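# for reference, the sequence and a predicted model appear below.
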Amino acid sequence: MAELYLADCYLKEFDSAVTRSEGNYVLLQDSAFYPESGGQTGDTGYFVLENGEKILVTAVKKEKGESRHYVERLIAVGTRVHGVIEWNARYAHMRMHTAQHVLSAIVLDEYGAETAGNQIHADESRMDFRPFEWTEEKQKLIEQRFNKIIESAAPVVFETVTRDEMMQRVDEKRRKLFERLPASIKSIRLVIIEGVDVCPCAGTHVKNVSEIGRIRIVGHESKGENTVRLRFSLEK
């Protein structure tokens, strides 16, 4: 299946055909729906059949290597569908996901802490950093640096490279993190925020950091030894 969002994160509608219909989900020939994975919430929306009927897509999940589109009723194999993504939620996830990359880069570069986990949602997201100790002074510095990056209007671009090419593009701190990628992964999609970060990622992102909006860190909590969870929201 061609994952159309990899080539165009802003694609809102597309045409495809059902290749499998099983249980309460269908598989498609091609899809622009992002499946829940990598900490990012999956898309929702609906399909329009050739007779005009609308069928809701209630969730999209990556399971057993497949992008499963969960629907309110099954659709026969071979049926042509016009997919429509719930754009407001998708765009919010794009802004949040790019914000996560910016925030990860700041904390790594300033404090040497890696991102141990994240959950990307439309209204509020969270990230876990390790090893990291929280202070109000650090919060102020992180927010200031984040918002300065947003004001820079740095472009966000994608490149598909080999593993060796990726390692040559990044600094030592990032190289150590990326060495953990499974050796079986040979072709890697890089998300490049000019002057800020280079990171492998298969998620959806905005074209320019100016689309993200200013950050507001709304809370933090300890998640074990040397691990801190931050919760943040974005101005619209």
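Looks like it arrived, so ask away.
# scan the chain for its longest helix.
If you go by DSSP state H, the chain has its longest helix at helix 87-111.
# which parts of it are buried?
The neighbour-count check on helix 87-111 (16 or more other Cβ atoms under 10 Å) flags 89-108 as buried. For glycine as for every other residue, the C-beta is placed from the backbone atoms N, C-alpha and C.
# what is that helix packed up against?
strand 114-119, strand 125-130, helix 136-152, helix 172-178, strand 187-193, strand 197-200, strand 228-234 (3 or more Cβ pairs under 8 Å, 6 or more residues apart in numbering; DSSP states H and E).
# tell me which strands the last one pairs with, and in which orientation.
Partner strands for strand 228-234, per DSSP bridges, with pairing direction: strand 125-130 (antiparallel), strand 215-222 (antiparallel).
# the first one now?
Looking at strand 114-119 with DSSP bridges, its paired strands and their directions are strand 125-130 (antiparallel).
# can I get the strand it pairs with in CSV, CA atoms only?
Output of strand 125-130 as CSV, limited to C-alpha atoms (Å, rounded to 0.1, in the frame of the first residue of the first chain):
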residue,chain,number,x,y,z
SER,A,125,0.8,16.3,24.1
ARG,A,126,3.3,14.8,26.5
MET,A,127,7.0,13.8,26.3
ASP,A,128,9.3,11.9,28.6
PHE,A,129,13.0,13.0,28.9
ARG,A,130,15.9,11.0,30.4
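# and the angle from that strand to helix 87-111?
Between strand 125-130 and helix 87-111, the angle comes out at 20 degrees (axes from the mean of the first three to the mean of the last three Cα atoms, to 10 degrees).
# out of the helices and strands packed on helix 87-111, nearest to Val161?
strand 187-193 (5.7 Å; Cβ to Cβ).
# quick one: buried residues of that closest one?
Within strand 187-193, judged by 16+ other Cβ under 10 Å, the buried ones are 188, 190-193.
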